[in-house]
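Peer 1: no FASTA, just this:
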DNA sequence: GTCATATTATACCGAAGGGTAGTTAAATAT
DNA sequence: ATATTTAACTACCCTTCGGTATAATATGAC
């Protein structure tokens, strides 16, 4: 875990902000993949030297794990926030998928999802990455269950809404979007899928019309 | 392209069958990923020496591309055959997804899909791999269009069946299954998704009941 | 100022990995 | 038989890459 607390003890102070560095590191891994993102490129793109990177983060694997954590705190969270900010489930789902579409196929950053397209392929080799994938599905499932159950209690969804089925399809369709973006799908294609996906998740939960 | 024709000209004959070697190569790449599958491991697992591999296939990238082509000719084709052998679209879709489930989460081979989980992550770096991904979606789309239109002409589907929408969802759900398998989903989970996915594709095509 | 501590910069190491030279072996062609 | 062609094996080369030793520099504590 990276120390984000700004210490003010003795010693020469850092010339960089760890989170700013991690944002650049995210982009390098995201663009090149884990193996092709060599430490020299990481150092050059962050503006740091290799020893500075290693002093701050430990190893390439640790640096990658730190980047993954920050990616979840920023990118993944942004999608989930888009879901919760809407006033209805259908609108929320559409907002989620639209935000996801921008995240995986928008301008200003590499395509696809860092977790699905970069971290998952090295999960078998890097134990610390595997550990992230242990906890992640459960956490995601809990959050979504809480969301749907809240919507039921708000009477935005019927009592008999099939939450597990909706969540399963929700995640499947999100995964498909990230992979298609990595395979080269354009933003507008994914944006239209956002509409379709939201409707399908509602259907799978038991809402037969398009409400 | 690998020469499969069994020449009978001068020179010492091969002690191996290129397709048998490729099946092993597929498994090594499938299990370890492109980068972690080093040439020494590939040589050891195939029972060949490195110079033999290089003489037969050219380079690591060429070997990978040859393995991808064979993977499509065998594994991908098996799924598509399962679709076409059924007597109704719903059953065909279910058979496809069940075969896919076995392919990505069954025993006897690594998990996930070689194309989605191994080839796609290196597409940005390996131009010959990128070329495969150029043609693949179009070919797949053509095959599926032909299938659905034949089912319409056989009156197993109504005239107003929305073929493009069904195909899009069909592919999305297949992609999701491959990724979940790579992420560790068990076979039985994917098998139950096969049923659900078949039903959803029919729905998306315009079939409102479960026929 | 001086010491202790932490960061930065240069230059480098050792291992691993893709690929190959050079030689030996096994077939066909004549 | 001999030459020719192609494959196989040993041993090796060279680059790349993750990681680091060493020295210099910048701060806080006293």
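Peer 2: Thanks, I have it. Computed from a predicted model, the values in this text were never measured in an experiment.
Peer 1: for the residue most central in space within chain A, what are its contacts?
Peer 2: Among the residues of chain A, residue A:76 comes closest to the average C-alpha position under C-alpha atoms, centre = their mean, at 3.2 Å. Contact analysis of residue A:76 by C-beta atoms under 8 Å, 6 or more residues apart in numbering or on different chains lists residue A:115. All C-beta atoms are positioned from the backbone trio N, CA, C, and that covers glycine.
Peer 1: what of residue A:33?
Peer 2: A:117, A:118, A:121, B:121, B:122, B:124, B:125.
Peer 1: report pLDDT for the first one.
Peer 2: It stands for residue A:117. Note for residue A:117: predicted pLDDT of 96.
Peer 1: apart from its neighbours in sequence, what residue is nearest it?
Peer 2: Distances taken as C-beta to C-beta, 6 or more residues apart in numbering or on different chains put residue A:182 closest to residue A:117, at 4.5 Å, once the chain neighbours are dropped.
Peer 1: what of the fifth one?
Peer 2: Among residues not flanking residue B:122 along the chain, residue B:34 sits closest, at 4.8 Å (C-beta to C-beta, 6+ apart).
Peer 1: specify the local secondary structure of the closest residue to residue A:88 other than its chain neighbours.
Peer 2: Here the nearest residue to residue A:88 in space, its sequence neighbours aside, is residue A:156; by C-beta to C-beta, 6+ apart that works out to 5.6 Å. Reduced to three states with DSSP: H, G, I helix; E, B strand; the rest coil, the structure at residue A:156 is coil.
Peer 1: so the residue nearest to residue A:117 makes contact with residue A:112?
Peer 2: Yes: counting by C-beta atoms under 8 Å, residue A:182 does reach residue A:112; the two are 3.0 Å apart.
Peer 1: measure residue A:171 to residue A:160 for me?
Peer 2: Going from residue A:171 to residue A:160 by C-beta to C-beta, to the nearest Å gives 21 Å.
Peer 1: no wait, residue A:105
Peer 2: To residue A:160, residue A:105 is 35 Å away according to C-beta to C-beta.
Peer 1: so, low pLDDT: which residues of chain A?
Peer 2: Applying pLDDT under 70 to chain A flags the ranges A:1-12, A:210-211.
Peer 1: specify the helix with the largest residue count in it.
Peer 2: Secondary structure of chain A per DSSP state H: the longest helix is helix A:127-153.
Peer 1: residue boundaries of the helices in chain A?
Peer 2: Assigned by DSSP H, chain A shows helices spanning A:18-32, A:39-46, A:50-57, A:60-71, A:77-85, A:89-105, A:127-153, A:163-182, A:187-205.
Peer 1: in CSV: those helices, plus mean neighbour count and distance to DNA strand C.
Peer 2: CSV is the format used below for the helices of chain A (neighbours: other C-beta atoms under 10 Å in any protein chain shown; distance: least, C-beta to the nearest atom of the strand, whole Å):
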stretch, mean neighbour count, distance to DNA strand C
helix A:18-32, 19, 10
helix A:39-46, 16, 8
helix A:50-57, 16, 4
helix A:60-71, 21, 12
helix A:77-85, 16, 27
helix A:89-105, 23, 29
helix A:127-153, 14, 17
helix A:163-182, 22, 22
helix A:187-205, 20, 34
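Peer 1: mind giving me CSV with these and columns for distance to residue B:192?
Peer 2: Below are these laid out as CSV (distance: least, C-beta to C-beta, whole Å):
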stretch, distance to residue B:192
helix A:18-32, 33
helix A:39-46, 42
helix A:50-57, 41
helix A:60-71, 30
helix A:77-85, 25
helix A:89-105, 23
helix A:127-153, 16
helix A:163-182, 9
helix A:187-205, 13
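Peer 1: run through who's touching stretch A:176-185.
Peer 2: Here stretch A:176-185 makes contact (C-beta under 8 Å, 6+ apart) with A:97, A:100-101, A:104-105, A:111-113, A:116-117, A:189-190, A:193-194, A:197, B:116, B:120-121, B:123, B:133, B:137, B:171-173, B:175-176, B:179.
Peer 1: I should have written stretch A:17-30 there, sorry.
Peer 2: With contact meaning C-beta under 8 Å, 6+ apart, stretch A:17-30 is reached by A:2-4, A:37, A:41-42, A:45-46, A:48, A:53, A:56, A:63-64, A:66-67, A:70-71, A:74, A:109-110, A:112, A:114, A:117-118.
Peer 1: could you verify my assumption that residue A:202 touches residue A:90?
Peer 2: Yes: with contacts defined as C-beta under 8 Å, residue A:202 counts as touching residue A:90 at a distance of 5.7 Å.
Peer 1: chain center to stretch A:124-139: distance?
Peer 2: Its chain's C-alpha centre and that of stretch A:124-139 lie 14 Å apart, by C-alpha atoms, centre = their mean, to the nearest Å.
Peer 1: stretch A:32-50 now?
Peer 2: Centre-to-centre, stretch A:32-50 and its host chain are 21 Å apart (C-alpha atoms, centre = their mean).
Peer 1: before we move on, what about stretch A:77-97?
Peer 2: With C-alpha atoms, centre = their mean as the basis, stretch A:77-97 stands 14 Å off its chain's centre.
Peer 1: next one: stretch A:45-54
Peer 2: Distance, stretch centre to chain centre, for stretch A:45-54: 25 Å (C-alpha atoms, centre = their mean).
Peer 1: can you check stretch A:52-61 too?
Peer 2: 23 Å.
Peer 1: try stretch A:165-175
Peer 2: Mean-position distance between stretch A:165-175 and its chain equals 15 Å (C-alpha atoms, centre = their mean).
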